[in-house]
Structures are given as structure tokens and as C-alpha cells.
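Engineer: Could you look at this predicted model? Sequence included:
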Amino acid sequence: MKKYLAECIGTMFLVLLACGSAVLAGPSIGVLGIGLCFGLVLLALVYCIGNISGCHVNPAVSIAMWLSGRMGFGECVGYIVSQFVGAAIGAGFLFWFMDMAPGFNFGGITGDASLATNVVQPGANQGMALMMECLFTFFFVMVVLAATDARTGFGKFAGIAIGLALGLVNIVGITVDNCSVNPARSFGPALWSPEAWPDFWIMVVGPIVGAVIAVLCWKAVSGSGKESIE
């Protein structure tokens, strides 16, 4: 139960702070600042709850850990449910902020969709977004698998690599679809901003496919990949 609670709280803060960087400070810090915030929030969370749950805070990561033999199916399902609940709570707080001060200069809005929802941005299309989500999740999950594999020797420095990877994919991907690589991160804001639902399937299919490819590739280049520091 402690692991599930940690995943719920961690995902809540990932959405509240990382998506909040776009919603509450986007006009001031821009794409680079938002991307860095995503990476820094995850970096902090790794060292906060990593020793409790492994700090997945992302269904794509949990699925990758299950497929690589590092956790059981039941535990994986529990993690994913906890992550979705946490994301919904975190986005709820952001929605509350927007409702409390409608005159504030909020960012993270594309058309009718707010709360930094993952929607295809002007000039991009769903095919482009799907390909990006698949490839960027592939990269991100590969870094997670490598950094948490005991044989690589990352140890306590794993969080640095993982945080940098998330920050990098966000800096590059925000202009396409606000960058997801995390179905829970997409679900939370979409729950409070329904205009995002038409593109939500991309943020589920892309990350899951990317995670599966990452597991296959990591096993191919490193061996079984079952030993981890989690």
C-alpha cells in the first residue's frame, strides 16, 4: 500500500508542478523553462519516493518494468491506477487555481483546451504526434531501464539521468503536442479539460508502443535486464 500511495502522491506533484509550470508560469518561462521544470520535478521525486516505489509516476514506465520482469502484473496494475488517481488530483488543483483567479495570465492553453493538456498543436498533425510520442517514450524508457539496472552502476545517480531525459523530450516535444510520454500525465488535465479527449488516444498508444520497443531493445543490447536497483 505504501508503494501505491507514493505513486499517487508523486504523480500528483508531477502534474501539479510540471504542468503547473505551463499553466501558472508558461508566459514567463517559455518552452525551455517548462521542459526543465518537468525534468527537475521528476529528479526531485526520484530522490523523494524512489526508495519506496521506484518513482515510476508513469504507466509507460510501470508497463516497461513489468515486461522486463522487474515487477508482477498485479503490482503493475496497482501502480497504474494510483498514477491515474494522482494525476487527476494534481490537475484538479490546477483547475481550482484557474477557477479562483480567472484574471490571472494563465498559460498552457491551446484553443479551447487548458491545463497544459496534450493536444496536437497548430501546424502539427496526429500522425506526427503519434510518431513523436512513440520515439520519445522509447528514448525516455530506455534511459530509465538503463539507469535502474544494477549492472550499469548508476546507483544513486540514476535520478539525474532520468530527470535529464524527461526534460530533454519535453523541450523538444512541447511544440508538437505539449509532450506526454506519460498516459497519466495526459489523463489528469484531460479529465478537467474535456476538449483534449480527441487526441488522448495518441498519448496512450504512443507511450505504450514506445515502452514495449524500449524493453525489447534494452534486452537485446544488455541481456535479460532483470536486475535493477529498485
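Structural biologist: It's in. Numbers count the residues shown, from 1 in each chain.
Engineer: From A60, how far out is the most centrally placed residue in the chain?
Structural biologist: Central residue of the chain (Cα atoms, centre = their mean): N182, 3.7 Å from the mean position. According to Cβ to Cβ, to the nearest Å, N182 stands 6 Å off from A60. For the C-beta atoms, the positions are set from N, CA and C on the backbone; glycine is no exception.
Engineer: where do the contact lists of these two overlap?
Structural biologist: Common contact partners of N182 and A60 (Cβ atoms under 8 Å, 6 or more residues apart in numbering): P207.
Engineer: for the residue lying farthest from the centre of the chain, helix, strand, or coil?
Structural biologist: In the chain, the residue that sits farthest from the middle, by Cα atoms, centre = their mean, is G103; the gap is 29.1 Å. What DSSP: H, G, I helix; E, B strand; the rest coil gives for G103 is coil.
Engineer: Show me the strands in the chain, by range?
Structural biologist: Taking DSSP state E, the chain contains no strands at all.
Engineer: Spell out the residue ranges of the helices in it.
Structural biologist: 2-13, 20-53, 59-67, 73-100, 126-147, 158-177, 183-192, 197-222 (DSSP state H).
Engineer: of all the ones you listed, which lies closest to D112?
Structural biologist: Checking the helices of the chain against D112 by Cβ to Cβ gives helix 197-222 as the closest, at 11.1 Å.
Engineer: just for the chain, where's the confidence low?
Structural biologist: Filtered on pLDDT under 70, the chain yields the residue ranges 153, 224-230.
Engineer: 90 instead, please
Structural biologist: By pLDDT under 90, the low-scoring segments of the chain are 1, 102-103, 149-157, 222-230.
Engineer: Pick the most buried one from the helices of the chain.
Structural biologist: Burial of these is given as mean neighbour count (mean count of other Cβ atoms under 10 Å); helix 183-192 ranks first at a mean of 28.
Engineer: now for that one, which elements pack on it?
Structural biologist: Packing contacts for helix 183-192, counted by 3 or more Cβ pairs under 8 Å, 6 or more residues apart in numbering; DSSP states H and E, involve helix 2-13, helix 59-67, helix 73-100, helix 197-222.
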